[in-house]
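*Asks:* Sequence below, structure please.
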Amino acid sequence: MKVPLGFKFSGINSGIRIKRKDLGLMYSVVPATAWGVFTRNKVKAAPVLYDMEIIQDGKLQAILVNSGIANACTGEKGLKDTKKEAELVGDTLNIDASLVAIASTGKIGPSLPMNKIESGIGLCVENLSEEGYEDFSEAILTTDTIKKMAHESFFIDDKEVNILGISKGSGMINPDMATTLSFVVTDLKISLPMLKLALARATENTFNMITVDGDTSTNDTILIMANGLADNSEITRENEQFDEFYTHLYNVLGRLAYLVAKDGEGATKLVRIKIRGADGFSEAKRAGKTIAHSMLVKTALYGADPNWGRIMAALGYAGIKIDPSKVDIYMGKKIVENGVPLAFSREEVRNYLGQKEIEIVIDLKIGVGEAEILTTDLTHEYININTQYS
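*Replies:* Numbering: from 1, shown residues only. Model (predicted):
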């Protein structure tokens, strides 16, 4: 995996968690053009509030992330601790604190152990290296079972450009303009307006199309830094170079979103819900999300039960334009046509639904709107994980 020019990473155990890495740092040797999108949950963690303010300048040089504690619902102390973290990173790296973003993930409520974080920041800086992205990726995990990284290389103006994305997320996944935590770095030279546009489009078409459990986190954040060291001609408008960058950014975020969904807490299968023939994209997305959030659908999928009636019921309360007498449903094969069941082998469909990755297609035959939602089944293990999280 090729690291974009000028970026370094580290991940260490600061003592927030027992034995596991819990503090990560990513750093650009020069200030980078930067932007972010954040949770729409009205309860926002302290680092989200802080980042939303400093990102308005469109510049970042470092991002510090801790796992184990969310620093959410911690009042004025949480905000002060966040600002102190940025100041400590700035002082240690000899950069302005306003160029340092902060992110946290973990349990809501507890305050950060600032004595551990202060000493951990020094160790993070000491350990910065181009190869440190693996350690950084590990340090930001919570209930995740795998590290989540994606990379793309391409050329603009005969200059090689690299994009590296790192995410975490397993539960409380229903992103709304962001994801649990996701960080993207690139050495592309691009103006702030174009970076904003690319990130917004790519996020809407990737992370905002996944859901594990319907819960939108207090800490959802995605940040991107573009430091320009690839030395391409700066992208300042929508053109072929912008489209090239967008395609690769979309690929990176799409891969990360896939990994987040696949790693859903306790999940035994990844489910692609494809909606066709809706009255526009927004209605297709709403239909897919409604089906994906249905506990009855998710438990049926866990049991490999071809209970298509639960899908029809979910479509009926999704708040979309629908004619039940037109709906077709496919589970490996067409099992419902024009709203009524076809003759099909229950055993054959159960075998299909028993696979680790499955696809359900619903054709509403109303319009041309399409959307694809990634989700998971709902298992006993999900309940076990989330009754013991504290």
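*Asks:* now the residue nearest to residue 335 when sequence neighbours are not counted: how far from residue 310?
*Replies:* Nearest in space to residue 335, with sequence neighbours left out and distances taken as C-beta to C-beta, 6 or more residues apart in numbering, is residue 344 at 4.8 Å. Heads up, the C-betas are built off the backbone N, CA and C, glycines and all. Per C-beta to C-beta, to the nearest Å, residue 344 is found 16 Å from residue 310.
*Asks:* same thing with residue 297?
*Replies:* Residue 297 is 5 Å from residue 310, by C-beta to C-beta.
*Asks:* So which of the two has more stuff around it?
*Replies:* A side-by-side neighbour count of residue 297 and residue 310, using other C-beta atoms under 10 Å, places residue 297 first with 25 against 18.
*Asks:* quick check, the more buried one in a helix?
*Replies:* Yes. Assessed by DSSP: H, G, I helix; E, B strand; the rest coil, residue 297 belongs to a helix.
*Asks:* Assess the claim that it and residue 314 are in contact.
*Replies:* Yes. Taking contacts as C-beta atoms under 8 Å, residue 297 lies within contact range of residue 314: 6.1 Å.
*Asks:* Quick check: neighbours shared by these two?
*Replies:* residue 291 (C-beta atoms under 8 Å, 6 or more residues apart in numbering).
*Asks:* May I have the strands that pair with the longest strand belonging to the chain, each with its orientation?
*Replies:* Scanning the chain for the strand with the most residues, using DSSP state E, yields strand 23-38. The pairing partners recorded for strand 23-38 under DSSP bridges are strand 7-12 (antiparallel), strand 59-69 (antiparallel), strand 221-226 (antiparallel).
*Asks:* Give me the packing partners of the very next helix or strand once past the second one, helices and strands only.
*Replies:* Scanning forward in sequence from strand 59-69, with DSSP states H and E defining helices and strands, the next element found is helix 75-93. In this structure, helix 75-93 makes packing contacts with helix 46-54, strand 59-69, strand 100-107, helix 114-126, judged by 3 or more C-beta pairs under 8 Å, 6 or more residues apart in numbering; DSSP states H and E.
*Asks:* mind checking which of the ones you listed is nearest residue 138?
*Replies:* Evaluated with C-beta to C-beta, those place strand 59-69 nearest to residue 138, the distance being 9.2 Å.
*Asks:* CA atoms only for the closest one, dumped as CSV, please.
*Replies:* Output of strand 59-69 as CSV, limited to C-alpha atoms (Å, rounded to 0.1, in the frame of the first residue of the first chain):
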residue,chain,number,x,y,z
LYS,A,59,-6.4,23.7,6.6
LEU,A,60,-5.1,20.8,8.7
GLN,A,61,-1.7,19.3,9.4
ALA,A,62,-2.4,16.6,12.0
ILE,A,63,-5.2,14.4,13.4
LEU,A,64,-5.1,12.8,16.8
VAL,A,65,-7.5,10.0,17.5
ASN,A,66,-8.2,8.0,20.7
SER,A,67,-10.3,4.9,21.1
GLY,A,68,-12.0,3.6,24.3
ILE,A,69,-13.6,6.9,25.3
